[in-house]
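Colleague: Sequence and predicted model, in that order:
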Amino acid sequence: MPMLTILEGSTFCMCDERGDIGDETSGFFAHDTRFLSRLLLRVAGSRPLLLSSGRTDHFAASFFLRNAGVDGIPHDSLSISRERFVTTGMRERIAVRNECMQTLEFQVALEVAADFADIITVKQHDFSLGDPEHAPPLPEAAPGALDGDRRRLLIVAPPDDLRTQVVLSREGRYEDGALRFDLSLEPHEQWELDLEIHPGLDGDTTLDSGDRLTDERETLGDVVAAWTLRVPRVRGGWESLRRAFDRSIDDLAALRMRTGESRRPLFAAGMPWFMTVFGRDTEITSLQTLLLGPEVAVGALDALAELQADREDPAIDAEPGKIVHEVRRGRAAEFWFPRYYGSIDATPLFLVLLAETWRWTDDATLVTRLHEPALRALEWIDRYGDRDGDGFVEYGARADGGLLNQSWKDSGDSQRFRDGRLADPPIAPVEVQGYVYQAKVGLAELAREVWRDRTLADRLSAEAEALRARFDEAFWIEGRGGFYALALDAEKRQVDSRCSNMGHLLWSGIVLPERVAPVVDQLLSESLWSGWGIRTMGSEEAGYNPISYHNGTVWPHDTSLAAWGLARHGYVEGARRISRALIEAAGHFEWSLPEVFAGYARDETPFPIAYPTAARPQAWAAGTPILLVRVLLGIEPDRARQRLVSTVEDELPSWLEGLRVEGVRAFGRNWVASVQRGRVTISEGV
């Protein structure tokens, strides 16, 4: 049965289309813990039948139901509605109305249970994600009890460290795991029940009641409205582009969360299993969405600086200066890690994001505030990232239970040679060397312009150019048209599969001028180009599989970075071809691009084929249409002149004619970019 999810920050509810929680992977989750594993409505002894349901906002949903025919209760004599929203807790209103001409007597029952399972264990029971039969067992539901006034059900986890409070608007009975209410309704009479679900951590015994959740919802509505009003608007031009852009705004609003001491907003990685801080995902999404303003990027930088490792701890793959990969709380922190540092790219991307945010803001205060975290990240790259002193950053997991592969293609089978053999770690991923190059180029500019440290600036510039030459020699493969290897393995052999990672290299700037054209040809070749996007692995490689997570699928964010790279090197027609295909693909996913979709050729399928485990909304997929608008119009900051400019020099295609992007914020001012007679103009807005 289809699942419906509503969320606010890291609090969310997954249920079926009738509003029931009962499936192994459904529930009400907070703090990476399932605080409600069952909420099953029965009316007159049977489950209601669906009329219609759906989300009314990213944090709210409505369900409209009717009763099944049972003894004494005619079919369709009752209309039933459920209205639900989440904030720090969850609130639901159930209404039952007698629609017939006779008095009806029946019972409403709500089966309620909480197993306090950690989110990672629950995720492993998702049939679409693997083999649930070998997943860790789910905990037994904890016992619950009504208090004296029969309006508060308390469920306490066996260690007495977690609790779920269910607060009722009217008295009920709790029998056999269900809250029960005996009703007698006159014709057209309506009965209502409000219930609030409050999660409690660490033995918290506070009794929640009153209008707190309602007040939070009103505040949340104001925050969402403010966000929507503050971000740019796209008008005119190609309708599909406008619709994809607008849906991305909605999806990103749903993924905004606050963490750390700064409490600044940043993007969670994706719904439902990754509603938390992910270093790499947060950084790339922030880079994609600078068009929306700098606040989220600044929030991400501050939060990640707070979480930066300050000591070596092999148990969590941490070293001083390393940027966090993933943060978990509650039961998930016990099952997985409270903080885990197993990603090779989050640290250089932190520096790339810092430099790019500065280019959009000229905010010397930000760069000064993050001076020490930036230098620690730089030291990690040179000291710990380069494990063997060969001048390249490589990874090898040390944590027990940590990730085997620690680049963005982090599945266990993603690092394959052309013949399908798996590469052995330590592994130096190709795109990460580009990130390091980009980080050192950007940091050199910060050192020169803000920190006034010319010695550091000159050193970083020299190191970047040396890396560029060394990288080309080590990674370039002359055969099959010329391309960059996916990685270097433990023996420094080239992992010779043709993969999408080359697109990241164009974006980073590490590619030598004479290599750009062959790389572009590879990315748009029949092997890598599906017609909907760039495949993660070419179709001619032995390991290619169009429905393998990282070995042949299309990832929108990955393809968008390639489009950005093509545009930066003047290949605007290729960038437009890629951008148009991705937006057309979005139209087949209700304008909300998923994390990943299958890599089947476009001439084989009438629409892009969904990938069963894809998160949606997912942060860097939602960021893709935002970035594509920037790429199509060539919008770039000119810090020297304190303005935005367009790098587009040729005439734009007709499908962009009349496009207008209003409210782009850079350098503390608003800007308007518009397309008229095939040309882009950017002017200061109101």
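Modeller: Noted; the coordinates are in hand.
Colleague: E463: neighbouring residues, count only.
Modeller: 20 (other C-beta atoms under 10 Å). C-beta: built from backbone N, CA, C; applies to glycine.
Colleague: tell me what the helix or strand hosting it is packed against?
Modeller: According to DSSP states H and E, E463 maps onto helix 454-475. In this structure, helix 454-475 packs against helix 430-449, with contacts taken as 3 or more C-beta pairs under 8 Å, 6 or more residues apart in numbering; DSSP states H and E.
Colleague: Would you mind writing the CA trace of the helix it packs on as CSV?
Modeller: Provided in CSV are the C-alpha atoms of helix 430-449 (Å, rounded to 0.1, in the frame of the first residue of the first chain):
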residue,chain,number,x,y,z
VAL,A,430,38.6,10.8,-9.0
GLU,A,431,36.1,13.5,-8.1
VAL,A,432,37.5,14.1,-4.7
GLN,A,433,40.9,15.2,-6.2
GLY,A,434,38.9,17.8,-8.1
TYR,A,435,37.2,19.0,-4.9
VAL,A,436,40.7,19.3,-3.2
TYR,A,437,41.9,21.3,-6.2
GLN,A,438,38.9,23.5,-6.0
ALA,A,439,39.2,23.9,-2.2
LYS,A,440,42.8,25.0,-2.5
VAL,A,441,42.1,27.5,-5.3
GLY,A,442,39.2,29.0,-3.3
LEU,A,443,41.1,29.1,0.0
ALA,A,444,44.0,30.8,-1.7
GLU,A,445,41.7,33.6,-2.7
LEU,A,446,40.3,33.9,0.9
ALA,A,447,43.9,33.9,2.3
ARG,A,448,44.9,36.7,-0.1
GLU,A,449,41.8,38.8,0.1
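Colleague: Which neighbouring elements make contact with that helix?
Modeller: helix 346-361, helix 371-380, helix 454-475, helix 502-508.
Colleague: switch to 7 Å and redo it
Modeller: Taking 3 or more C-beta pairs under 7 Å, 6 or more residues apart in numbering; DSSP states H and E as contact, the helices and strands that helix 430-449 lies on are helix 346-361, helix 454-475, helix 502-508.
Colleague: What lies in contact with the shortest one?
Modeller: With contact meaning C-beta atoms under 7 Å, 6 or more residues apart in numbering, helix 502-508 is reached by 430-431, 434-435, 437-438, 483-484, 511, 516, 519, 522-523, 534, 558, 561-562, 564-566, 568-569.
Colleague: How about the helix-or-strand element of the chain with minimal mean pLDDT, which residues are buried there?
Modeller: Taking mean pLDDT, DSSP states H and E as the measure, the chain has helix 212-230 as its least confident helix or strand, at a mean of 75. Buried positions in helix 212-230, judged by neighbour count with 16 or more other C-beta atoms under 10 Å: L213, E216, R217, L220, V224, W227.
Colleague: What average pLDDT does the next helix or strand after the helix holding E463 get?
Modeller: The helix or strand immediately downstream of helix 454-475 is strand 476-477, counting by DSSP H and E. In this model, strand 476-477 has a mean pLDDT of 98.
Colleague: Relative to whatever helix or strand comes next after strand 476-477, what are the paired strands and their orientations?
Modeller: The helix or strand immediately downstream of strand 476-477 is strand 483-484, counting by DSSP H and E. Partners of strand 483-484 in the sheet, by DSSP bridges, are strand 476-477 (antiparallel).
Colleague: Need the residues that contact the strand it pairs with.
Modeller: Contacting residues not belonging to strand 476-477 are listed as F483, Y484, A485, Q494, D496, R515 [C-beta under 7 Å, 6+ apart].
Colleague: do stretch 402-419 as well
Modeller: Under C-beta under 7 Å, 6+ apart, the answer for stretch 402-419 is 280, 317, 340, 342-345, 395, 397, 422-423, 427, 429, 432, 486-487, 495-497, 536, 541-543, 549-551.
Colleague: So which bits of stretch 11-26 are buried?
Modeller: For stretch 11-26, burial by neighbour count (16+ other C-beta under 10 Å) applies to 11-23, 25-26.
Colleague: Which ones among the residues you listed lie within strands?
Modeller: T11, F12, C13, M14, C15, D16 (DSSP state E).
Colleague: so who does the residue lying closest to the first one once chain neighbours are set aside touch?
Modeller: The one in question is T11. Distances taken as C-beta to C-beta, 6 or more residues apart in numbering place A30 nearest to T11, at 4.6 Å, with adjacent residues excluded. A30 makes contacts with S10, T11, P199, as judged by C-beta under 7 Å, 6+ apart.
Colleague: Could I get those in CSV, plus columns for distance to A466?
Modeller: Converted to CSV, the contacts of A30 look like this (distance: C-beta to C-beta, whole Å):
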residue, distance to A466
S10, 43
T11, 48
P199, 53
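Colleague: Closest one of these to L632?
Modeller: Nearest to L632 among the contacts of A30 is S10, at 33.5 Å by C-beta to C-beta.
Colleague: Adding neighbour count and pLDDT, write the contacts of strand 476-477 out as JSON lines.
Modeller: Converted to JSON lines, the contacts of strand 476-477 look like this (neighbours: other C-beta atoms under 10 Å; pLDDT from 0 to 100):
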{"residue": "F483", "neighbour count": "26", "pLDDT": "98"}
{"residue": "Y484", "neighbour count": "29", "pLDDT": "98"}
{"residue": "A485", "neighbour count": "25", "pLDDT": "98"}
{"residue": "Q494", "neighbour count": "19", "pLDDT": "98"}
{"residue": "D496", "neighbour count": "20", "pLDDT": "97"}
{"residue": "R515", "neighbour count": "19", "pLDDT": "98"}
